[in-house]
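J.: here is my input; please provide its structure:
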Amino acid sequence: MQVRDKVILITGGAGGLGIEMAKVLADGGAKVYLLDLNEESGKRAEAQLANLAGTVKFLQMDITSEEAWKQVVAAVVAEQGRIDVLVNNAGINIRKPIEEMSMGEFSTMMNVNVGSVFLGTKSVLSVMRSQGGGSIINTSSVCGLIGHRYTPEAYTTTKGAVTLLTKAIASRYGSENIRCNSIHPSTVDTPLVQEMFKDPVKKQQRLDEVPLGRLASARDVANSVLYLASDEASFINGISLPVDGGVTCC
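T.: Below is the predicted model:
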């Protein structure tokens with residue numbers, strides 16, 4: 001997949017999925033910027049990914065701040081002259097059913113999961129337009145495609161919003177060679193999920209819904225980003241790509 005020398009921003013870059021995305025992209029020669037509020041984790045990720053074909057740099061920022069987005073985009077353009085790919089990957093999940101969730105908690109999830117995608121996209125569009133195009137990749141979820149009985153309703157709401165925001169951007173800005181696509185992972189095998197799966201009932205529930213019979217790996221998800229960021233995906237625009245082992249086909 002051709003991503004060599006592409007300038008790529010990844011939100012939530014200090015977390016597990018963000019780090020794996022950065023790894024496969026930088027391994028392909030990309031110039032990757034990890035955007036995250038957690039400075040300690042961000043610096044650690046930057047050091048961890050220091051010896052790849054491309055480069056990885058951490059930038060601390062609050063992805064829910066419009067001013068922070070303006071500053072980061074300006075800094076990257078000043079340093080690299082362009083932004084080829086934005087991966088809106090950051091997200092949170094307050095694991096409460098609708099009857100137990102406060103309006104404040106719901107608003108927090110909307111602000112992070114949807115607001116950051118809105119702001120990130122808004123902030124890079126003029127740069128991508130001026131350089132003749134770019135790719136925006138949004139991390140949604142299978143819950144952005146279907147209702148999921150084991151997932152909080154608020155999380156599903158935010159991911160559904162990301163799915164349609166993606167299509168709206170793809171429709172309006174495709175004529176300017178700005179592509180926008182979303183990826184939709186099912187349950188990903190992360191340390192947090194492994195902790196949850198100490199409950200054998202919960203583990204079996206999640207495995208039983210996957211036709212391929214296993215969880216998604218972080219590399220499975222990162223490979224989908226690698227494809228959508230690459231030149232090989234130059235005619236892919238507005239899709240909702242499940243990375244789910246078949247969950248959404250049932």
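
J.: right, and Ile137 touches Ser182 too?
T.: Yes. With contact defined as CB atoms under 8 Å, Ile137 reaches Ser182; the gap is 7.4 Å. No exception for glycine: its C-beta is placed from N, CA and C like everyone else's.

J.: which one of these two is surrounded by more residues?
T.: It is Ser182, of Ile137 and Ser182, that has more neighbours when counted by other CB atoms under 10 Å, with 29 against 26.

J.: is it true that the more buried one lies in a strand?
T.: Yes. Ser182: assigned to a strand according to DSSP: H, G, I helix; E, B strand; the rest coil.

J.: and it, how far is that from Ile239?
T.: For Ser182, the distance to Ile239 equals 7 Å [CB to CB, to the nearest Å].

J.: ditto for Lys23
T.: Applying CB to CB, the value for Lys23 to Ile239 is 24 Å.

J.: off-centre distance for the helix ranked longest in the chain?
T.: Among the segments of the chain that qualify as a helix by DSSP state H, the longest is helix 153-173. Its chain's C-alpha centre and that of helix 153-173 lie 12 Å apart, by CA atoms, centre = their mean, to the nearest Å.

J.: how about it: buried residues?
T.: Buried residues in helix 153-173, counted by 16 or more other CB atoms under 10 Å: 153-163, 165-167, 169-170, 173.

J.: Ser224: which element?
T.: According to DSSP states H and E, Ser224 maps onto helix 218-229.

J.: to clarify, my last question referred to Ile63.
T.: For Ile63, there is no enclosing helix or strand under DSSP H and E.

J.: for the longest helix of the chain, list the C-alpha coordinates in PDB.
T.: The C-alpha trace of helix 153-173 is given here as PDB (Å, rounded to 0.1, in the frame of the first residue of the first chain):
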ATOM      1  CA  GLU A 153     -27.100   3.300  23.600                       C
ATOM      2  CA  ALA A 154     -25.100   6.600  23.900                       C
ATOM      3  CA  TYR A 155     -22.100   5.000  22.300                       C
ATOM      4  CA  THR A 156     -24.200   3.600  19.500                       C
ATOM      5  CA  THR A 157     -25.700   7.100  19.000                       C
ATOM      6  CA  THR A 158     -22.200   8.700  18.700                       C
ATOM      7  CA  LYS A 159     -20.900   6.100  16.200                       C
ATOM      8  CA  GLY A 160     -24.000   6.300  14.100                       C
ATOM      9  CA  ALA A 161     -23.500  10.100  13.900                       C
ATOM     10  CA  VAL A 162     -19.900   9.500  12.700                       C
ATOM     11  CA  THR A 163     -21.100   7.100  10.000                       C
ATOM     12  CA  LEU A 164     -23.400   9.700   8.400                       C
ATOM     13  CA  LEU A 165     -21.000  12.600   9.000                       C
ATOM     14  CA  THR A 166     -18.500  10.600   6.900                       C
ATOM     15  CA  LYS A 167     -21.000  10.200   4.100                       C
ATOM     16  CA  ALA A 168     -22.000  13.800   4.100                       C
ATOM     17  CA  ILE A 169     -18.300  14.900   3.900                       C
ATOM     18  CA  ALA A 170     -17.600  12.400   1.100                       C
ATOM     19  CA  SER A 171     -20.600  13.700  -0.900                       C
ATOM     20  CA  ARG A 172     -19.800  17.400  -0.600                       C
ATOM     21  CA  TYR A 173     -16.000  17.300  -0.900                       C
END
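
J.: good, wrapping up.
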